[in-house]
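Participant: Got a sequence here, can you build the structure:
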Amino acid sequence: MSNPITKLVSVIEELILRAVFIGDDTWWRHSSSILGIALATTLVYVGTWCRYGLVIVMITLVLIHLTARTYRLFIYSVILAILPTAWYVLTTIPFTHSLINSLIIGSRVLLNTLSILTAVFMMNPMEISYLLRRLGIKEGAVFPALLWKVIPHTLRDMESALLVNDLKGEGVGKGVAVSILASIEHSRMYEEGLYLKLRFFNPHFSYDPRAILLQVLPIISLITYVLIMNTYF
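Facilitator: Model prediction:
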């Protein structure tokens with residue numbers, strides 16, 4: 001691919017595909033989405049407002065990925081997080097007039113993005129479908145699982161469309177438009193094939209105690225750190 005924007009979009013979609021949709025149904029994917037959101041919120045708060053917060057957040061993220069042995073997931077997250085980090089560093093230099101201050105801002109953006117991506121990558125759409133079903137939202141429960149099936153096809157179609165457009169010398173916009181049309185077609189195919197099963201869709205989801213601890217322990221530790229810093233410092 002000769003177009004740099006096409007290369008960038010292809011790299012991002014490939015990273016998302018490998019980080020989220022490719023892999024085994026491992027124990028750390030049987031966690032809680034609510035706890036994941038709470039963990040990401042706590043990490044972002046500590047990294048943004050607490051003294052030595054960047055160091056604490058970095059240590060916490062490394063320990064989480066070492067415990068879950070999600071080394072590749074951590075690498076993918078870092079690569080994705082570098083993109084907004086580089087943008088913030090470059091755009092803040094004219095205002096801060098200091099490379100060091102801009103790098104500090106960039107470090108905060110990097111770790112906050114890593115925190116959010118870690119929580120997102122560990123979410124399981126089947127849990128959302130399971131919770132919706134338990135709440136009595138029968139037809140709505142199918143959509144998280146359906147999106148989980150459609151998105152990988154869309155990403156692959158986008159990659160193919162971008163490659164074809166690049167070979168033709170076309171812009172990125174046409175490739176994205178073709179991908180959107182392909183995703184609509186996939187959605188209609190799944191909708192037609194699963195229409196009669198919507199009322200009988202009964203997803204099951206089991207929580208793994210190790211995955212819950214992987215979220216609860218960092219949350220408790222971070223909240224304790226915040227309380228100590230606010231009380232004694």
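Participant: Every contact and neighbour count from this point should use C-alpha atoms.
Facilitator: Will do.
Participant: who does the helix or strand encompassing Glu127 touch, helix- and strand-wise?
Facilitator: Assigned by DSSP states H and E, Glu127 belongs to helix 125-134. Counting contacts by 3 or more Cα pairs under 8 Å, 6 or more residues apart in numbering; DSSP states H and E, helix 125-134 is packed against helix 142-168.
Participant: If you compare the directions of the helix it packs on and helix 125-134, what angle comes out?
Facilitator: 150 degrees (axes from the mean of the first three to the mean of the last three Cα atoms, to 10 degrees).
Participant: If we go by neighbour counts, what in helix 142-168 is buried?
Facilitator: Using 16 or more other Cα atoms under 10 Å as the test for burial, helix 142-168 gives 142-146, 150-163, 165-166.
Participant: Show me the helices in the chain, by range?
Facilitator: Along the chain, counting by DSSP state H, helices occupy 4-16, 33-49, 53-68, 71-96, 99-121, 125-134, 142-168, 172-194, 209-232.
Participant: Quick check: which of those helices is nearest to Phe201?
Facilitator: Closest to Phe201 of those, according to Cα to Cα: helix 142-168, at 6.9 Å.
Participant: tell me the angle the closest one makes with helix 4-16.
Facilitator: Angle, helix 142-168 to helix 4-16, by the same axes, to 10 degrees: 150 degrees.
Participant: Show me what helix 142-168 packs onto, helices and strands only.
Facilitator: Contacts defined by 3+ Cα pairs under 8 Å, 6+ apart place helix 142-168 against helix 4-16, helix 125-134, helix 172-194.
Participant: Can I get those in JSON lines including mean neighbour count?
Facilitator: Shown next, in JSON lines, are these (neighbours: other Cα atoms under 10 Å):
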{"stretch": "helix 4-16", "mean neighbour count": "16"}
{"stretch": "helix 125-134", "mean neighbour count": "20"}
{"stretch": "helix 172-194", "mean neighbour count": "15"}
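Participant: Can I get those in a markdown table including distance to Thr26 and mean pLDDT?
Facilitator: Putting the helices and strands packed on helix 142-168 into a markdown table (distance: least, Cα to Cα, whole Å; pLDDT from 0 to 100) gives the following:
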| stretch | distance to Thr26 | mean pLDDT |
| --- | --- | --- |
| helix 4-16 | 17 | 80 |
| helix 125-134 | 13 | 91 |
| helix 172-194 | 26 | 71 |
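Participant: of the ones you listed, which approaches Ile219 most closely?
Facilitator: That would be, of those and by Cα to Cα, helix 125-134, which comes in at 20.4 Å.
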